[in-house]
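*Asks:* Any chance you can model this:
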Amino acid sequence: MAATRVTVPAGAAVERIDRALARLFEGVSRATIQRWISEGRVTAAGVTCRAKDKARPGMIIDVVPGPDPLSKAEPDASVVFEIVHSDDDLIVVNKPPGLVVHPARGHARGTLVNGLLALPGFGRPPADERDPQGQTRPGIVHRIDKDTSGLLVIAKNAPTREGLKELFAAHRIERSYQALTLGIPEAGRIETLYGRHPDQRLKFSSRVRYGKRAVTTVNVLETFAGRAAHLQCVLETGRTHQIRVHLAEQRGTPLLCDALYGRPIEDPGLDRARAELRRQALHAGVLGFRHPRSGISLRFEVPPPTDFQAALLGLRALESGTLGAQG
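*Replies:* Okay, here's the model as predicted:
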């Protein structure tokens with residue numbers, strides 16, 4: 001961006017200068033504006049501004065934009081994933097189970113972000129300064145668990161990142177998952193408060209007194225001998241572990257092989273399905289949204305990976321009676 005002079009419009013409210021500039025610079029986050037101010041890149045009447053200074057109607061402000069911070073993650077061409085769609089602004093991938101989305105404690109390398117950085121022409125997109133770990137997860141606007149498979153969209157530049165984040169915040173993203181459960185849940189809409197589990201900090205819970213709103217719609221696709229089910233779960237909100245928690249706590253039917261929210265079972269008839277899967281039975285199969293730059297509606301759909309499909313075949317054999325009865 002070149003040096004820019006802006007004038008606060010007549011009739012505008014008197015407000016902090018960082019807020020005013022975030023309105024005047026389309027596609028630039030307030031956090032970025034605050035960084036420019038802290039670097040001395042924003043002046044008014046020749047005087048360096050502070051973020052808390054007031055912007056008043058008619059005020060002339062000079063801004064010299066600074067470069068975006070770059071990710072500290074390193075490229076790793078050995079990371080394997082499927083590219084479903086790519087353009088100048090974003091990329092949609094089909095993440096295999098077992099792949100961590102971004103570097104974190106215990107996973108410094110070998111993540112999806114490391115693999116993306118190794119792609120020809122992908123570049124090194126800026127991190128989100130409002131994200132405390134933004135330097136390690138550039139372009140990431142949503143995540144799925146390590147052992148969940150399926151679709152993710154990643155931004156290639158800051159304006160697209162901000163546009164996608166706005167779509168997620170406004171719940172204007174289509175997200176549908178396939179799941180396999182122990183037991184058969186009641187179909188329908190689940191709406192709860194949602195937050196950290198009060199006693200177990202690695203877990204989340206829908207049984208909290210205070211929290212954010214969480215909404216999941218459950219559709220039952222198939223049932224298996226009254227002991228398991230194949231579901232479609234549609235997200236309106238996207239809280240961490242939301243489907244896993246809602247199915248376990250609100251329906252009493254945790255995901256097959258969910259080590260965190262599941263329960264011990266003694267059912268030899270389910271052994272084939274569990275042996276095929278060995279991870280929570282969840283797949284992000286559908287992702288749809290309006291492209292932040294072009295405005296074109298995009299929708300992607302990918303089938304579950306082979307382990308999920310093998311587990312599904314095992315459950316269908318249970319339903320058909322080709323496996324033994326519950327014992």
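
*Asks:* Just the C-alphas of stretch 308-315, formatted as CSV.
*Replies:* Extracted in CSV, the C-alpha atoms of stretch 308-315 (Å, rounded to 0.1, in the frame of the first residue of the first chain):
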residue,chain,number,x,y,z
PHE,A,308,-14.7,-44.1,7.7
GLN,A,309,-16.2,-46.0,4.7
ALA,A,310,-14.8,-49.3,6.0
ALA,A,311,-16.3,-48.7,9.4
LEU,A,312,-19.7,-47.9,7.7
LEU,A,313,-19.5,-51.2,5.9
GLY,A,314,-18.9,-53.0,9.2
LEU,A,315,-22.0,-51.4,10.7
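
*Asks:* Quick one: mean pLDDT over that stretch.
*Replies:* On average, the pLDDT along stretch 308-315 is 95.

*Asks:* for that stretch, which positions count as buried?
*Replies:* Neighbour-count burial for stretch 308-315 flags F308, A311, L312, G314, L315 (criterion: 16 or more other C-beta atoms under 10 Å). Glycine gets a C-beta too; all of them are placed from N, C-alpha and C.

*Asks:* got the residue ranges for the strands in the stretch 151-300 of the chain?
*Replies:* 174-182, 188-196, 204-205, 212-224, 228-235, 282-290, 297-301 (DSSP state E, counting those that start in this stretch).

*Asks:* Please name the residues that touch the nearest residue to S205 once chain neighbours are set aside.
*Replies:* Spatial nearest neighbour of S205, excluding adjacent residues (C-beta to C-beta, 6 or more residues apart in numbering): H197 at 4.3 Å. Neighbour list for H197: K203, F204, S205 [criterion: C-beta atoms under 8 Å, 6 or more residues apart in numbering].

*Asks:* Between the residues you listed, identify the one with the most neighbours.
*Replies:* Neighbour tally across those (other C-beta atoms under 10 Å): the maximum, 22 neighbours, falls on F204.

*Asks:* List the residues that contact that one.
*Replies:* Contacts for F204 (C-beta under 8 Å, 6+ apart) come out as Y194, G195, R196, H197, R239, T240, H241, Q242, V245.

*Asks:* Swap in 7 Å and give it another go.
*Replies:* Y194, G195, R196, H197, R239, T240, H241, V245 (C-beta atoms under 7 Å, 6 or more residues apart in numbering).

*Asks:* same deal with R109?
*Replies:* Contacts of R109 by C-beta under 7 Å, 6+ apart are D76.

*Asks:* L287 contacts R175, doesn't it?
*Replies:* Yes - when contacts are counted by C-beta atoms under 7 Å, L287 is listed as touching R175 (6.1 Å).

*Asks:* And the helices in the stretch 101-250 of the chain?
*Replies:* 112-117, 158-169, 242-245 (DSSP state H, counting those that start in this stretch).

*Asks:* No further questions, thank you.
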